[in-house]
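Student: Structural data only, the sequence is not supplied:
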DNA sequence: CTGAAAGCGCTTACAG
DNA sequence: CTGAAAGCGCTTACAG
């Protein structure tokens, strides 16, 4: 590895001159002459000099890195968010440092410690909906500028940008009830998360608005993480079909495909017999057959707001606790009809 | 930020004692006594000491980081690869540093420079199929241990783990011809990549094997990157339907959905009128209706082999140039029938 | 067993 | 304009 000292020797100048010529020199540092700078730059280029970033970071006290912790299994669903965050961060002159975790508190802690060790204070947490959800936010207490995507599961105040789960879900149920559905199933699983909780509330509120009775069994609630395997979907349908539902609100792409497929195997058609609404929209959901009525969370907006909030609070002493909910909307597709 | 010096002062010992007590001390370094170590660890814990990773990296000369450059828009398709790589790297005691890029050589170069600046020599490149594809591999010349996922577009020798595009595609065409198809369209776009090239060859070879004539028009080739928008799919179908194809081999999930949907709008049924084979399989493709006949690239195997190859070559002086092709297979689904 | 000291490769205030 | 030198927070060979 070529160092500034090597360049200095080759150019016949001091090491500090090399530093100034190549990498600026902040504060009250005096500049080197135009001529010298050029000479040094040439020598450096010929030798293939590149700064050692550790040394630089150690000597400087600035940082232009944003850390982000994301669950690796969500990259698919959140491609849009990741792309937009990457784009905006780069544009703002920041570098993204991505910690890919999966489903493990220890894993998250490892990256948190790394980030702290690198003195990265600006951090986005996008991996905190687990059965250990309450244990995640405290880890981020140690950062000066943490922003969560999705409301964190804690009473402590953190800055976050979150889909407005309540409003989005309410809109979906309202739409179903308005179009004549009476027995809407929300397949929530027993896995306790903030989003699931407020969705249940939204379901109750929407039913109350229409003065319709809500059978508690309509809130499907088994100790399962998700419905993305055939076995679990079978379990779900076994449980809820006896209730004669006319609509089901359930997970994302794979889950929806499974649901439609298994309903068909049981002789039920979508949407003729049962309407379906998806909780998350995915890239290209408009092109499925039938294309799916889905809750559009406005991920791009969430990405933009997250970066905006983060950048707004870089370097501030007091930690930001803004809570931003992004209102999404229902994308009406072919999986629902009026009853 | 609490430093070792702070801990040393509070514990009434030397700074080097702190270093040894907390972080090991390699080489010929003598250990501190059990008792002292415990004392120092307590003090450090109380003060909330955490090592500055820049200083550590600068002082040490080891590295336990694997860099990976990946296109952010592919995270969806490659979720499995990312998860598996993350898992295996962590398991091997390595940390992953992810450079998320999108579609820009400058972007890739930025991360390459960063990685070099951090003296990360073990690096996975998973973002090199662009119209500037030949400009990417030279950037990785500067690493001691680079591994590409998918064969890089260069005559220079690089280590890589790649789907066996030729064999996989040949199997698909062979399957179609064997089951009575005669007019198989390969929608390749004019965008020149290694995989597209060998697929064309596989198409020719398969047709030759069956002594069937291949119309050059069956190789659809327009200056488009992909077919993932309705407009481009329309363009594709306008072009190829006059040829009366009985099978189409085309992109991934969104593209397949679009294709089936637009064929339906034109009064053509899949698979009754036209069979479809997808070039990439995606999570949950088995559950679509119809579920799709797709080329399974064995991404998990690719991930495993990539990490294995990388770890095998950590620290070696001579750069590895192993070329590993992973044979996939055809996942037969409902989008194809015998003719 | 313990600690003083050199060194990693930079930045930058300061003296000439 | 130029460079000697202190300092960033660690590691580690070495002397006591």
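Tutor: Thanks, I have it. For clarity, every value in this text was computed on a predicted model and none was experimentally measured.

Student: so where do the helices sit in chain A?
Tutor: A:4-11, A:15-23, A:34-47, A:53-59, A:79-91, A:105-117, A:165-178, A:194-209, A:230-240, A:253-265, A:299-312 (DSSP state H).

Student: from the chain's centre, how far out does the second one sit?
Tutor: Right, the one you point to is helix A:15-23. Helix A:15-23 sits 41 Å away from the centroid of its parent chain (C-alpha atoms, centre = their mean, to the nearest Å).

Student: what's the answer for the longest one, then?
Tutor: Centroid separation between helix A:194-209 and its chain, computed with C-alpha atoms, centre = their mean, is 23 Å.

Student: tally of neighbours for the residue in the stretch 101-250 of chain A that chain B sits nearest to?
Tutor: With C-beta to the nearest C-beta, the shortest gap between the stretch 101-250 of chain A and chain B falls at residue A:117, namely 3.5 Å. Heads up, the C-betas are built off the backbone N, CA and C, glycines and all. When neighbours are counted by other C-beta atoms under 10 Å in any protein chain shown, residue A:117 registers 16.

Student: residues touching it, list them.
Tutor: Contact analysis of residue A:117 by C-beta atoms under 8 Å, 6 or more residues apart in numbering or on different chains lists B:50, B:51, B:52, B:53, B:56.

Student: which ones are touching the residue sitting nearest the centre point of chain A?
Tutor: The structure's chain A has its C-alpha centroid closest to residue A:126; by C-alpha atoms, centre = their mean the separation is 4.4 Å. Residue A:126 sits next to A:68, A:69, A:70, A:71, A:74, A:78, A:81, A:148, A:149, A:150 when contact means C-beta under 8 Å, 6+ apart.

Student: ok, now with 10 Å
Tutor: Counting by C-beta atoms under 10 Å, 6 or more residues apart in numbering or on different chains, residue A:126 touches A:68-71, A:74, A:78, A:81-82, A:85, A:98-99, A:101, A:147-150, A:302, A:306.

Student: now residue A:285
Tutor: The contact partners of residue A:285, by C-beta under 10 Å, 6+ apart, come to A:252-253, A:256, A:278, A:291-294, A:296, A:331, A:333, B:254, B:257.

Student: Report the buried members of the contacts of residue A:117.
Tutor: Neighbour-count burial (16 or more other C-beta atoms under 10 Å in any protein chain shown) applied to those gives B:50, B:51, B:52, B:53.

Student: ok, and which of the contacts of residue A:117 reach chain A?
Tutor: By C-beta under 10 Å from any C-beta of the partner chain, the members of the contacts of residue A:117 lying near chain A are B:50, B:51, B:52, B:53, B:56.

Student: what's the closest of the buried ones among the contacts of residue A:117 to residue B:165?
Tutor: residue B:53 (40.2 Å; C-beta to C-beta).

Student: How about the closest one: what's its closest non-neighbour residue?
Tutor: residue A:117 (3.5 Å; C-beta to C-beta, 6 or more residues apart in numbering or on different chains).

Student: just checking, which of the contacts of residue A:126 belong to strands?
Tutor: Among the contacts of residue A:126, the ones falling in strands (DSSP state E) are A:68, A:69, A:70, A:71, A:98, A:99, A:101, A:147, A:148, A:149.

Student: Dump the residues you listed to CSV, plus pLDDT.
Tutor: Formatted as CSV, those follow (pLDDT from 0 to 100):
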residue, pLDDT
A:68, 94
A:69, 93
A:70, 90
A:71, 86
A:98, 88
A:99, 87
A:101, 87
A:147, 97
A:148, 97
A:149, 95
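
Student: Give me every residue in the stretch 51-200 of chain A lying close to DNA strand C.
Tutor: Listed as neighbours of DNA strand C in the stretch 51-200 of chain A under the rule C-beta under 7 Å from any atom of the strand: A:51, A:52, A:55, A:56, A:58, A:59, A:60.

Student: Out of the residues you listed, which comes closest to residue B:30?
Tutor: Comparing these against residue B:30 with C-beta to C-beta places residue A:58 closest, at 26.6 Å.

Student: List the contacts of that closest one.
Tutor: A:52, A:119, B:52, B:53, B:54, B:55, B:56, B:57, B:58, B:59.

Student: Please tell me how far residue A:163 sits from DNA strand D.
Tutor: Distance, residue A:163 to DNA strand D, using C-beta to the nearest atom of the strand, to the nearest Å: 39 Å.

Student: Count the residues that sit near that residue.
Tutor: Number of residues near residue A:163 (other C-beta under 10 Å) recorded here: 24.

Student: I figured it was touching residue A:298, is that so?
Tutor: Yes - the pair residue A:163 / residue A:298 is scored as a contact, 7.3 Å apart, by C-beta atoms under 10 Å.

Student: Identify the contacts common to the two.
Tutor: With C-beta under 10 Å, 6+ apart as the test, residue A:163 and residue A:298 both reach A:326, A:327, A:328.

Student: Throw these into JSON lines and include pLDDT, distance to residue A:45 and neighbour count, thanks.
Tutor: Formatted as JSON lines, the shared contacts of residue A:163 and residue A:298 follow (pLDDT from 0 to 100; distance: C-beta to C-beta, whole Å; neighbours: other C-beta atoms under 10 Å in any protein chain shown):
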{"residue": "A:326", "pLDDT": "97", "distance to residue A:45": "47", "neighbour count": "19"}
{"residue": "A:327", "pLDDT": "97", "distance to residue A:45": "53", "neighbour count": "13"}
{"residue": "A:328", "pLDDT": "97", "distance to residue A:45": "51", "neighbour count": "24"}
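
Student: So which of the residues you listed is the closest to residue B:184?
Tutor: Checking the shared contacts of residue A:163 and residue A:298 against residue B:184 with C-beta to C-beta, the nearest one is residue A:328 at 41.9 Å.

Student: Next up, phi/psi of that closest one, please.
Tutor: For residue A:328, the backbone dihedrals (degrees, to the nearest 10) come out as phi -100, psi -150.

Student: Check residue A:51 too.
Tutor: Phi and psi for residue A:51, reported as degrees, to the nearest 10, are phi -60, psi 140.

Student: mind giving me TSV with the contacts of residue A:117 and columns for pLDDT and distance to residue A:175?
Tutor: Converted to TSV, the contacts of residue A:117 look like this (pLDDT from 0 to 100; distance: C-beta to C-beta, whole Å):
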residue	pLDDT	distance to residue A:175
B:50	90	50
B:51	91	54
B:52	91	54
B:53	90	51
B:56	91	56
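
Student: and DNA strand D, which of the contacts of residue A:126 contact it?
Tutor: Within these, nothing lies near DNA strand D by C-beta under 7 Å from any atom of the strand.

Student: Stretch A:263-270: which residues count as buried?
Tutor: For stretch A:263-270, using 16+ other C-beta under 10 Å, the buried residues are A:263, A:270.

Student: meant to ask about stretch A:32-45
Tutor: Neighbour-count burial for stretch A:32-45 flags A:32, A:36, A:37, A:39, A:40, A:41, A:43, A:44 (criterion: 16+ other C-beta under 10 Å).

Student: surely the last one meets residue A:18?
Tutor: So the one you mean is residue A:44. Yes - Residue A:44 sits in contact with residue A:18 when judged by C-beta under 10 Å, with a separation of 7.1 Å.

Student: Overlap in contacts, these two.
Tutor: A:4, A:6, A:7, A:8, A:10, A:11.

Student: so who does the first one touch?
Tutor: Yep, that's residue A:4 we're talking about. When contacts are counted by C-beta under 10 Å, 6+ apart, residue A:4 touches A:14-19, A:21-23, A:40, A:44, A:49, A:51-52, A:55.

Student: Hmm, which of those is lowest in pLDDT?
Tutor: pLDDT across the contacts of residue A:4 is lowest for residue A:23, at 74.

Student: That residue: what's its closest spatial neighbour, skipping adjacent residues?
Tutor: Closest residue to residue A:23 apart from its sequence neighbours, by C-beta to C-beta, 6+ apart: residue A:51 at 6.2 Å.
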